[in-house]
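Chemist: no sequence on this one, just coordinates:
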């Protein structure tokens, strides 16, 4: 396995500082956050990719993923991100998630999402880059099984799943081994962080936790990844402290 850091956890660092620090600590790659706040502005992603590439090469650092928030129908933005991926030698990016709030029927949202994914894949086909569906609470893909339902109509060479166990502690928890086996060739990326649920008055609330003390057993996850012969990136996204 290879190791990366999601720069959403490093808002205090500039782009050059991120590259220098991750290289100094021996990471294989960086996962850039695409956001107007930091580190890469979405509308400038191709230009910034060209500026960042020499810095990455100088520090022998790869780009594991470009983590964006653009809605699936925003084809123009996905094409910009795919082009930036090609510039950076990165093979994956994350588009924005499809939220689920119970106001619209899941089956209707599902059909629309499949159509949007198909259009996005056609639009970026020439770039050799795959989008990732992340297992994330509050979306139509909170579990491995529901993420698989979104990607299964398509070739795993064209789309993948970002497996995030901590998100599934909040919503979507399945047997870890089952989920990894279920995803099969669609398992393309892993986020590492941890959370825990705490009782606060009359309610349970989740909080970020250390990797060692949260409710995700990372030794169990690591063993499961080895069993399914996963050799890709594990990207640290831990917001604890």
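Modeler: Cool, got the structure. Treat the numbers as computed from the prediction; the structure is a model and nothing was measured.
Chemist: what stretches of the chain score poorly on pLDDT?
Modeler: Residue ranges of the chain with pLDDT under 70: none are present.
Chemist: tell me which helix or strand the residue nearest the centre of the chain sits in.
Modeler: The centroid of the chain falls nearest to residue 162 when counting by C-alpha atoms, centre = their mean (4.9 Å). According to DSSP states H and E, residue 162 maps onto strand 160-163.
Chemist: strands paired with that strand, and their directions?
Modeler: strand 130-134 (parallel), strand 187-192 (parallel) (DSSP bridges).
Chemist: for the helix or strand following the last one, which positions count as buried?
Modeler: Translated: strand 187-192. The helix or strand immediately downstream of strand 187-192 is strand 195-200, counting by DSSP H and E. Burial within strand 195-200, assessed by neighbour count using 16 or more other C-beta atoms under 10 Å, is assigned to 195-196. From N, CA and C alone the C-beta is placed, and that goes for glycine too.
Chemist: quick check: neighbours of strand 195-200 in the sheet, parallel or antiparallel?
Modeler: strand 203-208 (antiparallel).
Chemist: elements contacting the helix or strand immediately after the partner strand in the chain?
Modeler: Going down the chain from strand 203-208, the next helix or strand is helix 218-227, by DSSP H and E. Here helix 218-227 touches helix 176-183, strand 187-192, going by 3 or more C-beta pairs under 8 Å, 6 or more residues apart in numbering; DSSP states H and E.
Chemist: got the contact list for residue 198?
Modeler: Contacts of residue 198 were listed using C-beta atoms under 8 Å, 6 or more residues apart in numbering, and they are 204-207.
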